[in-house]
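Q: build me a model:
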Amino acid sequence: MSFDDETFEIQPDKRPDSASTRRVSGSAVVLAMFAFGITATGALWTYWTLHTGPFRPLQDALAKEFPGSVPRVDGGQRKMRKGMPSILRAVLRVQFDPETETAKGEQILNRVEQISRQHVDLSQYDFLDVYLYEGVPEQTIREREFERQLKPRAK
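A: Residues are numbered from 1 along each chain as shown. Next comes the predicted model:
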């Protein structure tokens, strides 16, 4: 700002015109944010649908067999290297302590294997992993993995 000594008028400083001071309207930014959000949501939905789609019938069957278990099933290899075992994993919430009541855990593992044979080709997998957890309010989650070898190990 500068002051003219005689009239005491405030005159704004002049800014040089340059292409670098170009502005984007707020509505364009909002539209871009919505477009990004919709694209990201669509990409995540597509990935998750393709990733869990083959296991959805098994997941639904487990939910029917074990009400309230909120099952999640996926399969594959931990690392995509030659010789790594392929694993079918099922995660279920239970109403007992899987760390101490292992007999119940083994019964669930047996039942999950039976149901899996009806919905998935288990010959594609080396192991069946069943993770059981009990969420106790305001305490540490109690969890345990039960594993069944489906194919003999290659030597």
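Q: drop to CA atoms for contacts and neighbour counts, all remaining ones
A: Noted.
Q: which helix or which strand is home to the nearest residue to E106 once chain neighbours are set aside?
A: The shortest distance from E106 to any non-neighbouring residue, by Cα to Cα, 6 or more residues apart in numbering, is to F146 (7.1 Å). Using DSSP states H and E, F146 sits within strand 142-149.
Q: do you know how far Q95 is from V70?
A: 12 Å (Cα to Cα, to the nearest Å).
Q: by contact count, what packs against the longest helix seen in the chain?
A: Longest helix of the chain, by residue count under DSSP state H: helix 26-52. For helix 26-52, the packing partners by 3 or more Cα pairs under 8 Å, 6 or more residues apart in numbering; DSSP states H and E come out as strand 72-77.
Q: relative orientation of the strand it packs on and helix 26-52 in degrees?
A: 70 degrees (axes from the mean of the first three to the mean of the last three Cα atoms, to 10 degrees).
Q: strand partners of strand 72-77, parallel vs antiparallel please.
A: Sheet pairing of strand 72-77 (DSSP bridges) gives strand 86-93 (antiparallel).
Q: how big is the angle separating the strand it pairs with from strand 142-149?
A: Relative orientation of strand 86-93 and strand 142-149, computed by the same axes, to 10 degrees: 150 degrees.
Q: going by neighbour count, which residues of the next helix or strand after strand 86-93 are buried?
A: Moving toward the C-terminus from strand 86-93, the next helix or strand (DSSP H and E) is helix 102-119. By 16 or more other Cα atoms under 10 Å, the buried positions in helix 102-119 come out as G105, E106, I108, L109, V112, E113, I115, S116.
Q: so what strands line up beside whatever helix or strand comes next after helix 102-119?
A: Where DSSP H and E defines the elements, the next helix or strand beyond helix 102-119 is strand 127-134. Using DSSP bridges, strand 127-134 pairs in its sheet with strand 86-93 (parallel), strand 142-149 (antiparallel).
Q: and among those, the most buried is which?
A: Neighbour counts (mean count of other Cα atoms under 10 Å) averaged over each of these peak at strand 86-93, with a mean of 20.
Q: what inclination does it have with respect to helix 102-119?
A: Going by the same axes, to 10 degrees, strand 86-93 makes 120 degrees with helix 102-119.
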